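Enquirer: here is my input, please return the structure:
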Amino acid sequence: MRAVFLSVLSWASSSPGTMITLPTFFKCLADETRLRCLVLLHTEGRLCVCELTQALDLLQPKISRHLALLRQNNLLLDSREGQWVYYQINPELPDWAFAILDLTAKQFALNPRQQQDGFRLQQMASRSDLKISCR
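Expert: Numbers count the residues shown, from 1 in each chain. Just a heads-up that it's a prediction; the model follows:
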């Protein structure tokens, strides 16, 4: 794992002009709520705020505040569909950022709290029909 991390650091430092710096990226990962959101989004692809609220078992304003910070730092993209706002990892992040997210998600999958997040998300009734489940 150390070799992977060192190669990512080397890769990140040799990529001038990327949309996010390594320190900013790690500052975003340093908060547990943001980290949990990013891991879920990296694993699931695209989630509605209500899905993240259910999965993390936190209040919507707290989740939205953290999602806004991640969006402002270009880690996430958002899209509005009716009254629902969906988030996804920005596909234009540098390759080194995806390598770090991949490694983080693999390690986080062993974490009991992250396993609970995934379980709560999967237990959410009618996930395919958010108009019913996100009231």
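Enquirer: where does the nearest residue to residue 57 once chain neighbours are set aside land on pLDDT?
Expert: The shortest distance from residue 57 to any non-neighbouring residue, by Cβ to Cβ, 6 or more residues apart in numbering, is to residue 120 (6.3 Å). Yep, even glycine has a C-beta here, placed from its N, CA and C like the rest. Model confidence at residue 120, given as pLDDT, is 92.
Enquirer: distance of residue 120 from residue 34?
Expert: Using Cβ to Cβ, to the nearest Å, residue 120 is found at 18 Å from residue 34.
Enquirer: can you give me the helices in this protein?
Expert: Assignment of helices within the chain using DSSP state H yields the ranges 2-13, 22-29, 32-44, 49-56, 60-72, 95-108, 112-123, 130-133.
Enquirer: which of those sits closest to residue 86?
Expert: Smallest distance to residue 86 across the helices of the chain (Cβ to Cβ): 7.9 Å, for helix 49-56.
Enquirer: that closest one to helix 112-123, inter-axis angle?
Expert: Using axes from the mean of the first three to the mean of the last three Cα atoms, to 10 degrees, the direction of helix 49-56 lies 130 degrees away from that of helix 112-123.
Enquirer: can you tell me the centre-most residue of this structure?
Expert: The C-alpha lying nearest the average C-alpha coordinate of the chain belongs to residue 38 (Cα atoms, centre = their mean; 1.4 Å).
Enquirer: show me what contacts that one?
Expert: 28, 29, 70, 75, 89, 101, 104 (Cβ atoms under 8 Å, 6 or more residues apart in numbering).
Enquirer: show me which of these are buried.
Expert: Listed as buried from these are 28, 29, 70, 75, 89, 101; burial here means 16 or more other Cβ atoms under 10 Å.
Enquirer: can you lay out those residues as JSON lines showing pLDDT and distance to residue 21?
Expert: Formatted as JSON lines, the buried ones among the contacts of residue 38 follow (pLDDT from 0 to 100; distance: Cβ to Cβ, whole Å):
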{"residue": "28", "pLDDT": "96", "distance to residue 21": "11"}
{"residue": "29", "pLDDT": "94", "distance to residue 21": "13"}
{"residue": "70", "pLDDT": "97", "distance to residue 21": "15"}
{"residue": "75", "pLDDT": "97", "distance to residue 21": "12"}
{"residue": "89", "pLDDT": "97", "distance to residue 21": "17"}
{"residue": "101", "pLDDT": "96", "distance to residue 21": "16"}
